[in-house]
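Q: Quick one: sequence and predicted model below, then my questions.
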Amino acid sequence: MSTDVHAKHYDSQPRLHHNGSEIQKFGALRSLPIALSHESRAQSAQLLNPILADSAILYALYKKHHWLVRGHTFYQLHLLLDKHAEEQLKLIDMIAERIQTLGAVAVGDPRHAAEMTTVPRAPDGVEEVPAMLSRLLEAHEIIISKVRDAVTTTAETRDDGTNDLLMSDVLRTHEMQVWFIAEHLVPVPVVEP
């Protein structure tokens, strides 16, 4: 049996602690053949990244409130807030993938998202349930406002892919979640006094 002198030797030991240079800076745009101008793609990415950052914060708020909610509606809200968090997580992935499709870099580090967000920071402790729900509604409104502006802009620049994502998925999901959360703030007694 002969041995091949040119055979490569492989080692099963992982090569740890790799460091490398950034191959694409945040804010830079690669050229991808999607029949959309550089300017349109750049503008869409600049609109989407703040929405993505706000969405990451909203997701975190939903999970926080899911864990910390209290009171006689605990079970219902615990489940609803977790459902909404999962829906936000799906949107986060869709928005980030659209940014990548445009040739840009999606904000991915939670610390970067925290620097970019315009959603006000919640206290570190536990708030009363109405305050938690109001905080979620405020975050939704901030995002919805940005989404509506981005829908108008992407229609003008013919970025139909981003426009469709924002209208069909992002906007409709936020509006539905607002409805479900807002109904929990209607002062109707559980039972008649």
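A: Nice, thanks for sending it over. Numbering: from 1, shown residues only.

Q: So the nearest residue to L171 once chain neighbours are set aside versus L58, what's the distance?
A: Nearest residue to L171 in three dimensions, chain neighbours excluded: V147, at 5.2 Å (C-beta to C-beta, 6 or more residues apart in numbering). No exception for glycine: its C-beta is placed from N, CA and C like everyone else's. Remark: distance between V147 and L58 (C-beta to C-beta, to the nearest Å) = 12 Å.

Q: And A96, by the same measure?
A: 14 Å.

Q: Then E156?
A: Applying C-beta to C-beta, the value for E156 to L58 is 27 Å.

Q: These two: which is more packed in?
A: Comparing E156 with L58 by other C-beta atoms under 10 Å, the one with more neighbours is L58, at 26 against 11.

Q: Quick check, the more buried one in contact with L136.
A: Yes - the pair L58 and L136 passes the contact test of C-beta atoms under 8 Å, sitting 7.3 Å apart.

Q: contact partners of stretch 38-45?
A: Residues outside stretch 38-45 that contact it (C-beta atoms under 8 Å, 6 or more residues apart in numbering): 29, 31-32, 34, 98-99, 102-104, 150, 153-154, 157-159, 162.

Q: now the chain, which segments are flagged as low pLDDT?
A: Across the chain, the ranges flagged by pLDDT under 70 are 1-7, 190, 193.

Q: could you point out the longest helix in it?
A: Longest among the helix segments of the chain by residue count, using DSSP state H, is helix 38-68.

Q: That helix: how far from the chain's middle?
A: In terms of C-alpha atoms, centre = their mean, to the nearest Å, the centre of helix 38-68 is found 4 Å from the chain centre.

Q: now swap in stretch 126-144 and tell me
A: Going by C-alpha atoms, centre = their mean, where stretch 126-144 is centred and where its chain is centred differ by 16 Å.

Q: Quick one: the helices in this protein, in order.
A: 38-68, 74-101, 110-116, 129-156, 160-164, 172-182.

Q: Could I get those in a markdown table, plus columns for distance to E22?
A: What follows is the helices of the chain, written out as a markdown table (distance: least, C-beta to C-beta, whole Å):
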| stretch | distance to E22 |
| --- | --- |
| helix 38-68 | 16 |
| helix 74-101 | 15 |
| helix 110-116 | 13 |
| helix 129-156 | 26 |
| helix 160-164 | 25 |
| helix 172-182 | 32 |
